[in-house]
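> Okay, here's the prediction I keep looking at, along with the sequence it came from:
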Amino acid sequence: MKILKIAILSLGLVALTPSVHAQKIGVRAGINYANVSGEADTEALTGFYAGLFKEVTLVPELFFLQPEVQYSMQGFKFEDTNYTIGYVNVPVVGKVYLAKIISFEAGPQVGFKVSDNFPEGSPDLKTVDMGIAGGIGLNFPFGLSINARYIQGFTDIQEEVEGKNQVLQLGAAFKF
């Protein structure tokens with residue numbers, strides 16, 4: 001319930017971003033290739049992400065701030081078992097457009113764990129995941145774009161176990 005309140009508050013903050021400059025809202029979704037760093041020999045797990053964003057103009061035609069709220073299925077494979085963790089992620093990226101067709105983005109991200117399938121008795125999963133995101137986008141007319149983003153976690157996902165989230169996102173976005 002606490003996570004739901006945080007997600008609703010985050011959506012509210014995105015909606016209430018000051019309207020001094022031009023703004024566009026949009027949706028983004030795609031595929032995650034997630035794994036964890038650490039000593040264990042884990043493999044990447046395929047998942048998905050979907051969410052909303054608001055693009056706020058800071059320097060017209062050049063620099064934008066893009067707060068987002070998205071659900072992301074992350075995790076890893078270990079010894080033929082999939083371990084999944086569902087997060088509500090809130091990245092806030094700075095976005096620079098080059099020639100209107102290519103964009104680069106980077107910024108901090110905080111994730112709130114909302115679900116997992118880890119077995120009873122395993123070390124407790126942390127409820128908050130801090131990290132940084134960076135990516136590139138190819139932008140087409142009419143608000144459509146395809147993008148790639150890499151997210152590196154700063155915090156271990158479990159108590160007493162070394163392992164930080166690493167996620168590659170490939171997907172599309174549409175701005176209204």
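Great, that's in hand. Nothing here was measured: the structure is a model prediction, and the numbers come from that model. Residues are numbered from 1 along each chain as shown.
> What separation do you get for Leu138 and Gln109?
Distance of Leu138 to Gln109, given as CB to CB, to the nearest Å: 22 Å. C-beta here means a position set from N, CA and C on the backbone, and glycine is covered the same way.
> Just the buried positions in the helix or strand where Glu162 lies, please.
Taking DSSP states H and E as the definition, Glu162 sits inside strand 161-175. Buried residues in strand 161-175, defined by neighbour count with 16 or more other CB atoms under 10 Å: 163-167, 169, 171, 173, 175.
> cool, stretch 109-126 as well?
109-114, 116, 125-126.
> Please list all residues in contact with the closest residue to Ile157 other than its chain neighbours.
Of all residues not flanking Ile157 in the chain, Gly163 sits nearest, at 5.5 Å (CB to CB, 6 or more residues apart in numbering). By CB atoms under 8 Å, 6 or more residues apart in numbering, Gly163 lies in contact with 36-38, 40, 42, 76, 156-157.
> Now, of these, which are buried?
Among the contacts of Gly163, the ones that count as buried by 16+ other CB under 10 Å are 36-38, 42, 76, 156-157.
> Name the SS class of the spatially most distant residue from the centre of the chain, please.
Distance to the chain centre peaks in the chain at Gly121, reaching 28.4 Å (criterion: CA atoms, centre = their mean). Of the three states, Gly121 takes coil under DSSP: H, G, I helix; E, B strand; the rest coil.
> Sounds good, over and out.
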